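[1] Have a look at this fold, sequence not included:
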């Protein structure tokens, strides 16, 4: 049974994973004060490139979505450049990485919503998983391929 864990896995027609090990998102708070991914983040993720697929820590998509200090953003050109360094470091070691988008909904609800977009190999469609945002958002087809 464990031998399958280390076999390659075709996620879809274009992406093949080197094994079936998934690194779940873990908040590291390693971005700089402008929420730009740092060299330390690139090193951190690159060291884990042996996983079949890395899902990044929660990455905020707008300034008012920040809930913790030094969580990386993905809404300015500097942040995009920082994530490019992270993904380049992972790819240089043969790894695959996907972003995990996190939003702290603010003082009204204090609910952390995590969104993961992934390819569903059985249904052969892109799906969105929002594990704690309400059942109506679970496994919603995004329509993107």
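    Looks like it arrived, so ask away. What you see is a predicted model; the values in this text were computed from it and never measured.
[2] residues making contact with the longest helix along the chain?
    Longest helix in the chain, counting residues (DSSP state H): helix 77-92. If you take C-beta atoms under 8 Å, 6 or more residues apart in numbering as the criterion, helix 77-92 is touched by 31, 34-39, 41-43, 45-46, 49, 54, 56, 59, 72-74, 96-97, 99. To be clear about C-beta, it is placed using only N, CA and C from the backbone, and glycine gets the same treatment.
[3] which residues in this protein form strands?
    Listed in chain order, the strands of the chain (DSSP state E) span 9-10, 16-17, 22-23, 53-59, 97-104, 112-120, 125-129, 140-141.
[4] Any regions of this protein where pLDDT drops low?
    Within the chain, the stretches falling below the threshold (pLDDT under 70) are 1, 103-145.
[5] give me that answer again for 80
    Where the chain drops to pLDDT under 80, the residues are 1-2, 67, 102-145.
[6] Would you confirm that residue 29 contacts residue 69?
    Yes - between residue 29 and residue 69 there is a contact under C-beta atoms under 8 Å: 6.1 Å.
[7] Please list all residues in contact with residue 31.
    So residue 31 contacts 37-38, 41, 70-73, 82 (C-beta under 8 Å, 6+ apart).
[8] correction: residue 6
    Contacts of residue 6 (C-beta under 8 Å, 6+ apart): 19-21.
[9] mind running it again at 10 Å?
    Going by C-beta atoms under 10 Å, 6 or more residues apart in numbering, residue 6 touches 18-21, 52.
[10] what about burial for the contacts of helix 77-92, which qualify?
    Buried subset of those (neighbour count, 16 or more other C-beta atoms under 10 Å): 31, 35-38, 41-42, 45-46, 49, 54, 56, 59, 72-74, 96-97, 99.
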